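>>> Just to be clear, the model below is a prediction. Sequence and coordinates:
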Amino acid sequence: MPTSIGNLRNLTTLKLFDLDLESLPETIGNLTKLEDLELDRNNLTTIPESLMKIKAMKSMYLSDNKISKADQLKIKAQMPWCDVILD
């Protein structure tokens, strides 16, 4: 995924499911208006710290990735305002 994704600052919904993504650029955290993010069915092992700071985020789908249980707990703990779907 190109780092230029972070230039789409008015984006509110982003669907990146079933793309075999292994990582996301840190610049994705620039999408401060992002409310819904679908990352299901990829090969992610983690998500960028910047993504966990988007306060507008209402739902994030991370099912069927390779994120460890410890990182899943960390993501949920750092984003209490967001419905993080992991299963």
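Everything's here; your move. Residues are numbered from 1 along each chain as shown.

>>> now the strands for this protein?
For the chain, strands defined by DSSP state E occupy the ranges 13-15, 36-38, 59-61, 83-85.

>>> Residue 3 is nearest to which of the ones you listed?
strand 13-15 (14.8 Å; C-beta to C-beta). Quick note: C-beta positions are derived from backbone N, CA and C, even for glycine.

>>> pLDDT averaged over stretch 47-64 - what is it?
Confidence for stretch 47-64, expressed as mean pLDDT, is 97.

>>> Just the terminal-to-terminal distance for it.
14 Å (C-alpha to C-alpha, to the nearest Å).

>>> related to what we said a few turns ago, can you put the strands of the chain in a markdown table and add mean neighbour count and distance to residue 7?
Converted to a markdown table, the strands of the chain look like this (neighbours: other C-beta atoms under 10 Å; distance: least, C-beta to C-beta, whole Å):
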| stretch | mean neighbour count | distance to residue 7 |
| --- | --- | --- |
| strand 13-15 | 13 | 13 |
| strand 36-38 | 20 | 17 |
| strand 59-61 | 19 | 20 |
| strand 83-85 | 15 | 25 |
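
>>> residues in contact with residue 83?
Residue 83 makes contacts with 58, 59, 60, as judged by C-beta atoms under 8 Å, 6 or more residues apart in numbering.

>>> circling back to that earlier point, okay if I get the strands of the chain as a markdown table plus distance to residue 29?
Converted to a markdown table, the strands of the chain look like this (distance: least, C-beta to C-beta, whole Å):
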| stretch | distance to residue 29 |
| --- | --- |
| strand 13-15 | 12 |
| strand 36-38 | 11 |
| strand 59-61 | 13 |
| strand 83-85 | 16 |
